[in-house]
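[1] need a 3D model of the sequence below.
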Amino acid sequence: MLERHLNFLKVASENIIRYKGRSIVVVLCLVAILLPFITAIAISQGVKSQSLLSVEEGADIYLTYDQYGKNSAVPLSFIKEAQGIEGILKVVPRVIGRSFIGNYLTVVAGMPTDALPPSLSLEKGRIFKEENEVIIGASLARALNLDIGHSFTLDINKSRILKVSGIFSSKSSIWSADLVFASFNDAAEIFRMPGQASDLLVYTRPGYNARIAEVLSALHEGDKTQPIIRVQTKDLVRQYFNKGFTMKEGIFTALYTVAIAIAIPALLVVSGFGMGERRREIGIIKAIGWQTSEIIEVVFIENLLLSLTAAPMALLISFIWIKLFNGFLIAQFFIAEIGILPAFPVPARYMPLPLFLSFAFALVLTMVGSMYSTWRSAVTSPAVTMK
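    This next block holds a predicted model:
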């Protein structure tokens, strides 16, 4: 029995080689279909991984005021209220905002010097020490031709002249690529909001998170003179990220629309379009005693081999596409406002499941295109198919 199936494998391999033009066209069409899918999944997983890593390394609770259903600034005086709650280890104020430098959009962030994350990675320079010193992202530095010691201003507050003390590593998180990072006081002054934080980062003891969130939410209840407190736990922020990336998967609908259009030539080829010689061959082997099931098995093995060739090839080209071309034309669907060619290394993460799904999709596509025409030729009288 095994020898019989091995013989079918040999025949299928010989058919692929014999009709090498057809085989090459099918493989190339399948690669063109699978490449956007594999690349998009890899970039999406890479960005998601970096996002969730930043969440895991971040605070346990994020606290802001609520104005008209949106986050609003919190006065630093609130820190004293929060620090008195049992289970809170520390409260760190943070500033996050946006500004332009000419036509270049940047993110401006600020934290106290003693609360800077230990994972801070610089390509050159040092951490800010003096007033108005900032660290900038590698993409921002390249775009505006800035280097250590250079000065610049932000459009939101041109009266403050900022000096570059350091440049983030280009291999750092994508979130630092266009970042202007300053001390908390400098960042607050840039936005002309001294004594105000965009949010407070609350770090808690293990097991206290839920209870502290309830206590913080209830601090201003019943006091109509105080704004509403908005509390967002790490779990909630994690849910936001997961939901956001799930929504971005809608882009695959567009990619599959293109995939279906590209699949049409492959379907025509593998379905036997213009393959009169192949139909005559089926008639001959039927005449010498082959069964319909045996012919279909050989065609199935052919499709299996073609799919096993196309899926890894698409994966390899996807890897090269991301490493050499930095996700050109695809990355901007998953990372906002980066342009067609990103100026920083696009994160990518290849998982086994997308490769398996790509193989399965390729196999189904080739099977749909070939099985009906093969069965139709196999059940037709050899005298007809050999004409």
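[2] list the buried residues of the helix ranked longest in the chain.
    Longest helix of the chain, by residue count under DSSP state H: helix 20-57. The neighbour-count check on helix 20-57 (16 or more other C-beta atoms under 10 Å) flags 22-23, 25-27, 29-48, 50-51, 55 as buried. Every C-beta, even on glycine, is put in place using the N, C-alpha and C of the backbone.
[3] C-terminal to that helix, what's the next element?
    strand 61-67 (DSSP states H and E).
[4] can you give the distance of the next helix or strand after that following strand from its chain's centre?
    Downstream of strand 61-67, the next assigned helix or strand under DSSP H and E is strand 70-72. Distance, stretch centre to chain centre, for strand 70-72: 27 Å (C-alpha atoms, centre = their mean, to the nearest Å).
[5] one more: stretch 59-70?
    Distance of stretch 59-70 from the chain centroid (C-alpha atoms, centre = their mean) equals 27 Å.
[6] list the buried residues for it?
    For stretch 59-70, the neighbour count (16+ other C-beta under 10 Å) marks A59, D60, I61, Y62, L63, T64, Y65 as buried.
[7] now render the residues you listed as JSON lines, adding pLDDT.
    Shown next, in JSON lines, are those (pLDDT from 0 to 100):
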{"residue": "A59", "pLDDT": "88"}
{"residue": "D60", "pLDDT": "92"}
{"residue": "I61", "pLDDT": "93"}
{"residue": "Y62", "pLDDT": "94"}
{"residue": "L63", "pLDDT": "94"}
{"residue": "T64", "pLDDT": "94"}
{"residue": "Y65", "pLDDT": "92"}
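[8] next, format those residues as CSV and append distance to L140.
    As requested, the buried residues of stretch 59-70 are exported to CSV (distance: C-beta to C-beta, whole Å):
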residue, distance to L140
A59, 25
D60, 30
I61, 30
Y62, 25
L63, 29
T64, 26
Y65, 30
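[9] S198: which of the residues you listed is nearest?
    Checking the buried residues of stretch 59-70 against S198 with C-beta to C-beta, the nearest one is T64 at 7.2 Å.
[10] now that closest one. Nearest residue, chain neighbours left out?
    N71 (4.2 Å; C-beta to C-beta, 6 or more residues apart in numbering).
[11] hmm, V231 and that neighbour touching each other?
    No - the criterion here is C-beta atoms under 8 Å, and N71 misses it with V231 at 11.2 Å.
[12] mind checking which of the two has more residues around it?
    Neighbour totals were compared for N71 and V231, and V231 leads with 20 against 16 (other C-beta atoms under 10 Å).
[13] show me what the more buried one is bridged to.
    L63 (DSSP bridges).
[14] got a list of what it touches?
    Shown in contact with V231 (C-beta atoms under 8 Å, 6 or more residues apart in numbering): I61, Y62, L63, A213, L216, S217.
[15] which one of these is nearest to R18?
    Nearest member of the contacts of V231 to R18, counting by C-beta to C-beta, is Y62, at 64.3 Å.
[16] E133: neighbouring residues, count only.
    For E133, using other C-beta under 10 Å, the count is 18.
[17] quick check: beta-bridge partners of it?
    Counting by DSSP bridges, the residues bridging with E133 are K163.
[18] for the residue nearest to Y203 when sequence neighbours are not counted, phi and psi?
    Using C-beta to C-beta, 6+ apart and skipping the chain neighbours, the partner closest in space to Y203 is L89 (4.5 Å). When quoted as degrees, to the nearest 10, the phi and psi of L89 stand at phi -80, psi -50.
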